[in-house]
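Novice: my questions are about this predicted structure, shown below with the sequence.
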Amino acid sequence: MKNKLFIDTWGWLTLYDRREVRHQEVSEFYQQFRSQNGIIYTTDYVLDETFTLLFKRIYAAKAQQSMQILINAFQRPNFNLIWINEIRFMKTQALRYKFIDKPQISFTDLTSMVVMKELGISLVLTEDAHFMQVGLEIEKIP
């Protein structure tokens, strides 16, 4: 379904860090997607990575502000924070074993793929090519 978008760590970092090379392009895409009532998804694992990297990359006060804005966004109807529970974790573990020949794919990325498949999400805001290497009919945006 094209009105669902999964946002990966790269996507969140690029939206919140103006120094990112593709910040403007990603921001414009994000605003356009939101204006068309698109539904945003991410996971607690992705937010964990995002918050960790925000505090490493930008001033603490700005990182804290960005973190709070992002947390507050998930109180809105078109934002969905998906939690990696035991069942999703076990499915991810099976996917990890399936793609043993691709050790560069992070466990967090694999959890995202499990959630995307479960929820019928084919679009992902990322620059990470790993999403394209697993044959799950995922389209990388932008």
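Specialist: The structure has been received and is ready for your questions. Numbers count the residues shown, from 1 in each chain.
Novice: from now on I want contacts and neighbour counts done on CA atoms only, so please keep to that.
Specialist: OK.
Novice: just the helices in the protein please.
Specialist: Applying DSSP state H to the chain gives helices spanning 9-16, 23-35, 44-57, 60-73, 86-98, 107-119.
Novice: any idea which of the ones you listed is most buried?
Specialist: Counting by mean count of other C-alpha atoms under 10 Å, helix 9-16 has the highest mean neighbour count of these, with a mean of 21.
Novice: pLDDT (mean, whole number) over it?
Specialist: Taken as a whole, helix 9-16 has a mean pLDDT of 94.
Novice: packing partners for it?
Specialist: Packing contacts for helix 9-16, counted by 3 or more C-alpha pairs under 8 Å, 6 or more residues apart in numbering; DSSP states H and E, involve helix 23-35, helix 44-57.
Novice: still on that earlier bit, out of the helices of the chain, which gets nearest to Leu125?
Specialist: helix 9-16 (5.3 Å; C-alpha to C-alpha).
Novice: contact partners of the closest one?
Specialist: With C-alpha atoms under 8 Å, 6 or more residues apart in numbering as the test, helix 9-16 has contacts from 20, 22-23, 26-27, 46-47, 49-50, 53-54, 66, 125-128.
Novice: could you check the angle helix 44-57 makes with it?
Specialist: Interaxial angle, helix 9-16 versus helix 44-57 (axes from the mean of the first three to the mean of the last three C-alpha atoms, to 10 degrees): 50 degrees.
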